[in-house]
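K.L.:
Whatever this is, show me its structure:
(chains A and B, ligands or ions: 2)
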Protein chains: 2
Amino acid sequence: MASGSALSPPQVPMELHHKNRQKLLESLRQHLSLSSRPLHGFVLLQGGEEQTRHDTDHLELFRQESYFAYLFGVKEPGFYGAIDVANGESILFAPRLPDEYAVWLGEIKPLPYFKEHYMVNTAYFADEIASVLQQHYQGSGAPLLFLLHGLNTDSNNFSKPAEFQGIDKLDKDLTTLHPILTECRVIKTDLEISLIQYANNISSEAHVEVMRKAKVGMKEYQLESMFLHHTYMYGGCRHCSYTCICATGDNSSVLHYGHAAAPNDKTLEDGDIALLDMGAEYHFYGSDITCSFPINGKFTSDQSLIYNAVLDAHNAVLSAMKPGVGWVDMHILAEKVILESLKKGQILVGDVNDMLSARLGALFMPHGLGHLLGIDTHDPGGYLKGLERRKEPGLKSLRTARELQEGMVITVEPGCYFINALLLPAMNSPETSKFFNQQVIKKFNGFGGVRIESDVLVTATGCYNMTKCPRTTQEIEAVMAGAPWTISS
Amino acid sequence: MASGSALSPPQVPMELHHKNRQKLLESLRQHLSLSSRPLHGFVLLQGGEEQTRHDTDHLELFRQESYFAYLFGVKEPGFYGAIDVANGESILFAPRLPDEYAVWLGEIKPLPYFKEHYMVNTAYFADEIASVLQQHYQGSGAPLLFLLHGLNTDSNNFSKPAEFQGIDKLDKDLTTLHPILTECRVIKTDLEISLIQYANNISSEAHVEVMRKAKVGMKEYQLESMFLHHTYMYGGCRHCSYTCICATGDNSSVLHYGHAAAPNDKTLEDGDIALLDMGAEYHFYGSDITCSFPINGKFTSDQSLIYNAVLDAHNAVLSAMKPGVGWVDMHILAEKVILESLKKGQILVGDVNDMLSARLGALFMPHGLGHLLGIDTHDPGGYLKGLERRKEPGLKSLRTARELQEGMVITVEPGCYFINALLLPAMNSPETSKFFNQQVIKKFNGFGGVRIESDVLVTATGCYNMTKCPRTTQEIEAVMAGAPWTISS
Ligand SMILES: [Mn+2]
Ligand SMILES: [Mn+2]
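P.N.:
Ligands and ions are numbered 1, 2, ... in the order given. Next comes the predicted model:
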């Protein structure tokens, strides 16, 4: 594996999106029937457009809007897609490209190409939407459009309903589609799972590659570059699920390090822990994986203590996960295991249940235990209507508070960080100072943090870890010393 | 060089942006004096903001808006910057970050950090702009703001003037700044040139690396991945100037191949020509380089014919470039050299001047000869006010019609492509069919195309080619066979 990969990019079955559409249809029809509404109308989604940077003609590399990608799998910009609720037929609307397109941007594919390639029933041009929908509509009155409009509970932004010339003459329903379609995305089909598994395989392999090549004196961004290269060169993954977090030393306590203002630019030092949160995306479906390891290849006893605290939490959660289990409970379980380890390591003193009540866990793990994963890194659907977000530190950061269901893919990513901005006030507060062994915790000032993140599929009776990275300190030290590591695919 | 690089990322002198500000000040003051206007007011620019993808919390990796980058060099989002026209002082306005930022996104840097790091006179918070400008203003009445508002002649978009709470109380000038600031960007300083040179050095080296490693059976995107990896891993270039164009075989006749709808996904075949248009960016300053070569390492005689036609055009332009020379003339020179070669190669017949008049050159090279290069790949300022765009095929695609001036950096990128959408109508048209040797040109159906693109600095007496790639067929074949290639830096 020093050169190359044991993996290769799989064919993408467009049937996947056909099945997604079928699933939505069933769910939508059921909902309409239950509310005694007619089974007429069109689900209508607008795909994304290419974006230029500010006033320039610099085009950002286009990546499809996620709901549109889910239903239609179209990689090109400027499309619309419709599903006829009455007969289940799907229609793609392609942009009408000018003749010059062929010279500058490539072959102008004819409509039948899109019909066939994306396995829809018909294809038209986007400027024909209004008239085509009028023609196809089998109900009475103006055609009814089910448009996508709803809250993303991670961003607090609303999805923008489709717009096109002539939409004013059609009837619109802005409330029905979003919760139903979002719920479809929460439970993954087998075809979706196999893409997420592939993204996990190639990303796991890339993490191992980076672990092996990381050396004192390198820059953090070189780890990012190696990851990106491995997943693209050998995995065909042009996009990552999110900007790589390549944090070493104290940076590893910055939960979302790596963005433009903190751009993975530190030099790796002897004794540093590395926290690398990197995941590739393949045909829209992502992965989200964090590995933590000592840059010099050998865990110190302090590093082992914190690493194993997090690994024990990770493993305890995986052992407990199964349908019906509440995610808030899993978060608290992870906190508890970490606090127990910190107590065993003499960083904390006192009763662990008292610590939990004092929300001490959130000082060491301020983020949520994990989130739904799919076409978005933070896949939507974490808060069903009526499901309240908790208010307590740590718990309020959970991106879902749901009970697990078979077919969910969710990240399990406990972490333990030494963040002065959180710890110093707590160490000085009369309510919480008693829990800290000030002598011992001093040693961890500047330690950074550890996160272990796996992508986990909920099965009928438990769960399955889709991430294939070395996890025990022994495995990591062995792999970094050159021992083989096989990604079973 | 098989592993690693002869180069390493240079320190970026923030003095560069100080000098850019000084240059603008001088130019703006001169303009105000000439129009008998008072030397009061503030240049005020708003930097870019991080963008999320549609309704999600997926953040695109931020890259600063180019005018703001030019004047202030700030890599972080959410800033404003001002220059006091009266005393020349510069002020940065940083976003006021919430306490949680320290936990999630990293250290909250204090205002003095930005003052020092970006070499400005003072730094405040962005929510203080209105009051700070009121305080600093030395003229009478309300402070006057010179805001950025003007047309980008490549995109036909307008730059968006700064907006902030309280701006309504200030006076605005929307017309003065844009042409003056744009003109400053056209002529590069020595410090700017050295960054563009570095971007050229690392990108040239990466092109050589890709040439060497390209093999029949690979995918086009693997060439992209190798380029990106080399420039990031060894060059510290996190951004490219534009999406990589990795076109092989017939795809090389698609001028802007490589975008999401034509995503570098063909398999490299024996006999294919490769046209790789890829350039890295370092601290905002870019490069834009195209190499064309045979995938199997040996030019066929047809490939040599077309390649040398383009290389001769490239070299003829470089020989003719110097201050005062018109860019339209350079474009026509390139066309002429190419048409002469095609005539020599018996693809075309007849008088070359007649061919030029019939705009035959634009059938083989539909794009412009080159464009200004800097912080944007298509750097602004190509059409001074009053300078008209030509209407003829080919010439209308020129991104500038200016005369060359010392300090301009401009790409020289002649190309020769066999594009059926353009050639077939011309071969059948009564006006132009006589020029084609139909027997010979048939052979080139499916050939693709060749482009050779260098970034060229206009000097006092001529020009200097900043791009360091192998260019003759002999050099290319030798390098692909393993001969050394040194990038002098
Ligand atoms: Mn995650
Ligand atoms: Mn160019």
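K.L.:
hey, where'd the strands end up in the stretch 51-200 of chain A?
P.N.:
Secondary structure of the stretch 51-200 of chain A (DSSP state E, counting those that start in this stretch): strands at A:80-84, A:90-94, A:122-125, A:144-147, A:171-173.
K.L.:
Let's have those in CSV, adding mean neighbour count.
P.N.:
For every residue, glycine as well, the C-beta is placed using N, CA and C. CSV is the format used below for those (neighbours: other Cβ atoms under 10 Å in any protein chain shown):
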stretch, mean neighbour count
strand A:80-84, 25
strand A:90-94, 24
strand A:122-125, 19
strand A:144-147, 23
strand A:171-173, 15
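K.L.:
what's the closest of those to residue B:134?
P.N.:
strand A:144-147 (46.2 Å; Cβ to Cβ).
K.L.:
Sheet-wise, list the partners of the closest one with their directions.
P.N.:
Strand A:144-147 pairs in its sheet with strand A:42-46 (parallel), strand A:171-173 (parallel), by DSSP bridges.
K.L.:
got those as JSON lines, with distance to residue B:391 columns?
P.N.:
Output for the strands paired with strand A:144-147, formatted as JSON lines (distance: least, Cβ to Cβ, whole Å):
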{"stretch": "strand A:42-46", "distance to residue B:391": "36"}
{"stretch": "strand A:171-173", "distance to residue B:391": "44"}
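K.L.:
Quick one, which of those gets closest to residue B:248.
P.N.:
Nearest to residue B:248 among the strands paired with strand A:144-147 is strand A:42-46; the distance by Cβ to Cβ comes to 33.7 Å.
K.L.:
burial measure for the residue lying closest to residue A:139 once chain neighbours are set aside, as a count.
P.N.:
Once flanking residues are discounted, residue A:139 sits nearest to residue A:40: 3.3 Å by Cβ to Cβ, 6 or more residues apart in numbering or on different chains. Other residues near residue A:40 number 17, with proximity taken as other Cβ atoms under 10 Å in any protein chain shown.
K.L.:
Surely residue A:40 is in contact with residue A:133?
P.N.:
No - proximity of residue A:40 to residue A:133 does not meet the contact threshold set by Cβ atoms under 8 Å, at 11.5 Å.
K.L.:
measure the residue nearest to residue A:139 to residue A:183 for me?
P.N.:
22 Å (Cβ to Cβ, to the nearest Å).
K.L.:
my read: residue A:199 touches residue A:282, true?
P.N.:
Yes - using Cβ under 8 Å, residue A:199 is in contact with residue A:282, at 4.7 Å.
K.L.:
Comparing these two, which residue is more hemmed in?
P.N.:
Applying other Cβ under 10 Å to residue A:199 and residue A:282 shows that residue A:199 carries more neighbours, namely 29 against 26.
K.L.:
who are the neighbours in contact with that one?
P.N.:
Residues counted as contacts of residue A:199 (Cβ atoms under 8 Å, 6 or more residues apart in numbering or on different chains) are A:237, A:241, A:279, A:280, A:281, A:282, A:285, A:286, A:287.
K.L.:
Restricted to helices, list these.
P.N.:
Counting by DSSP state H, no part of the contacts of residue A:199 is found in helices.
K.L.:
Looking at the residues you listed, state which has the most neighbours.
P.N.:
Busiest of the contacts of residue A:199 [other Cβ under 10 Å] is residue A:287, holding 33 neighbours.
K.L.:
from what I can see that residue touches residue A:200, true?
P.N.:
Yes - here residue A:287 lies in contact with residue A:200, judged by Cβ under 8 Å, at a distance of 4.6 Å.
K.L.:
so what sits against both of these two?
P.N.:
Counting by Cβ under 8 Å, 6+ apart, the residues touching both residue A:287 and residue A:200 are A:455, A:466, A:467.
K.L.:
which of those residues are buried?
P.N.:
Those of those that meet the buried threshold are A:455, A:466, A:467, by 16 or more other Cβ atoms under 10 Å in any protein chain shown.
K.L.:
Restricted to strands, list those.
P.N.:
Cross-referencing these against strands under DSSP state E gives residue A:455.
K.L.:
Tell me the one among the buried ones among the shared contacts of residue A:287 and residue A:200 nearest to ligand 1.
P.N.:
Distance ranking of these against ligand 1, using Cβ to the ion, places residue A:455 first at 8.6 Å.
K.L.:
For that closest one, which non-adjacent residue is closest in space?
P.N.:
Among residues not flanking residue A:455 along the chain, residue A:466 sits closest, at 4.7 Å (Cβ to Cβ, 6+ apart).
K.L.:
Pick out the residue nearest the middle of chain A.
P.N.:
Residue closest to the average C-alpha location in chain A (Cα atoms, centre = their mean): residue A:377, at 1.7 Å.
K.L.:
Not counting sequence-adjacent ones, nearest residue to it?
P.N.:
Excluding its sequence neighbours, the residue lying closest to residue A:377 (Cβ to Cβ, 6+ apart) is residue A:241, at 4.4 Å.
K.L.:
hang on, that neighbour packs against residue A:282?
P.N.:
No - Residue A:241 lies out of contact with residue A:282 (Cβ under 8 Å); the separation is 9.8 Å.
K.L.:
And the helices in the stretch 251-400 of chain A?
P.N.:
Using DSSP state H, counting those that start in this stretch, the helices of the stretch 251-400 of chain A run over A:301-320, A:327-344, A:352-357, A:361-364.
K.L.:
in the longest one, what counts as buried?
P.N.:
Judged by neighbour count (16+ other Cβ under 10 Å), helix A:301-320 contains these buried residues: A:302-303, A:305-318.
K.L.:
Name the residues of the stretch 1-150 of chain A found near chain B, please.
P.N.:
Proximity of the stretch 1-150 of chain A to chain B, by Cβ under 8 Å from any Cβ of the partner chain, involves residues A:48, A:50-66, A:75-77, A:99, A:102-107.
K.L.:
and these, which are buried?
P.N.:
Using 16+ other Cβ under 10 Å as the burial test, the residues of the stretch 1-150 of chain A next to chain B include A:48, A:53-66, A:75-77, A:102-103, A:105-106 as buried.
K.L.:
gap between the residue of the stretch 151-300 of chain A found nearest ligand 1 and residue A:276?
P.N.:
Ligand 1 sits closest to residue A:288 of the stretch 151-300 of chain A, with a gap of 4.1 Å, by Cβ to the ion. As judged by Cβ to Cβ, residue A:288 and residue A:276 stand 12 Å apart.
K.L.:
Could you do residue A:137 as well?
P.N.:
In terms of Cβ to Cβ, residue A:137 sits 52 Å off from residue A:276.
K.L.:
which of those two has more neighbours?
P.N.:
Legend: neighbour count by other Cβ under 10 Å for residue A:137 and residue A:276, higher for residue A:276 (28 against 18).
K.L.:
Using the record's domain definitions, break chain A down for me.
P.N.:
In terms of domains, chain A is parsed into A:15-186, A:190-480 (source: automatic domain parsing).
K.L.:
Relative to the whole chain's centre, how far out is the longest helix anywhere in chain A?
P.N.:
Criterion DSSP H: the longest helix present in chain A is helix A:190-213. Distance of helix A:190-213 from the chain centroid (Cα atoms, centre = their mean, to the nearest Å) equals 13 Å.
K.L.:
wait, does it make contact with ligand 1?
P.N.:
No - judged by Cβ under 5 Å from the ion, helix A:190-213 makes no contact with ligand 1; its nearest approach is 12.2 Å.
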